[in-house]
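> need a 3D model of the sequence below.
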Amino acid sequence: MSEHVVGSIVEGKVIKITPFGAIVAIDGGGQGLVHISQIANSFVQDINDHLKVNDTVKVKIMTIDAETKRISLSIRAALPKPERPERPERTDRPQRQPNFKPRDQKPNYDRHNDSQASPQPPLNEFEERMKDFLKQSNDKMASLNKRANKR
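Numbering: from 1, shown residues only. Model prediction:
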């Protein structure tokens, strides 16, 4: 196992197929697991559709765990990258019009102009509201204190 290098591509022979992958004996000694997700570039429903026992496959060594003596292999990583098909230009969508105006056509907003700010209530109206709030609050507190003292 020490002669194998992570990242190298080697040939191997499928010796066992399981529901979650395939056990492959690799050249130079040792064996490793090719997980079902690493079998092909497409979705693999059934491994038996892609591999058979005694098939010779090229695998890439992904990891080697010296303690457990496990080797993770990948057939997918050893395959050439599939070319992505060019996407056809979509003509079924209407073209969007740009939603911007040049600066000289935008209205100028003056942050410091009081005419745009929301009007403040007159001071005496605020004082009246505050008095009403304090009266209601004091009445509520008195009511709660009476209940607490009766217990």
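> quick one: low-confidence ranges for this protein?
1-2, 93-123, 151 (pLDDT under 70).
> quick check, central residue of it?
The centroid of the chain falls nearest to residue 37 when counting by CA atoms, centre = their mean (19.1 Å).
> any idea how far that one lies from residue 10?
Going from residue 37 to residue 10 by CB to CB, to the nearest Å gives 20 Å. For glycine as for every other residue, the C-beta is placed from the backbone atoms N, C-alpha and C.
> equivalent analysis for residue 49, please.
24 Å.
> so which of these two has more stuff around it?
residue 10 (19 against 10; other CB atoms under 10 Å).
> tell me which element the more buried one is part of?
strand 9-18 (DSSP states H and E).
> for that strand, list every residue counted as buried.
10, 12, 14, 17 (16 or more other CB atoms under 10 Å).
> got the contact list for the residue lying closest to residue 11 once chain neighbours are set aside?
Nearest non-adjacent residue to residue 11, counting by CB to CB, 6 or more residues apart in numbering: residue 27, 5.2 Å away. Under the criterion of CB atoms under 8 Å, 6 or more residues apart in numbering, the contact list for residue 27 reads 10-12.
> adding distance to residue 66, write these out as a markdown table.
Converted to a markdown table, the contacts of residue 27 look like this (distance: CB to CB, whole Å):
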| residue | distance to residue 66 |
| --- | --- |
| 10 | 18 |
| 11 | 22 |
| 12 | 19 |
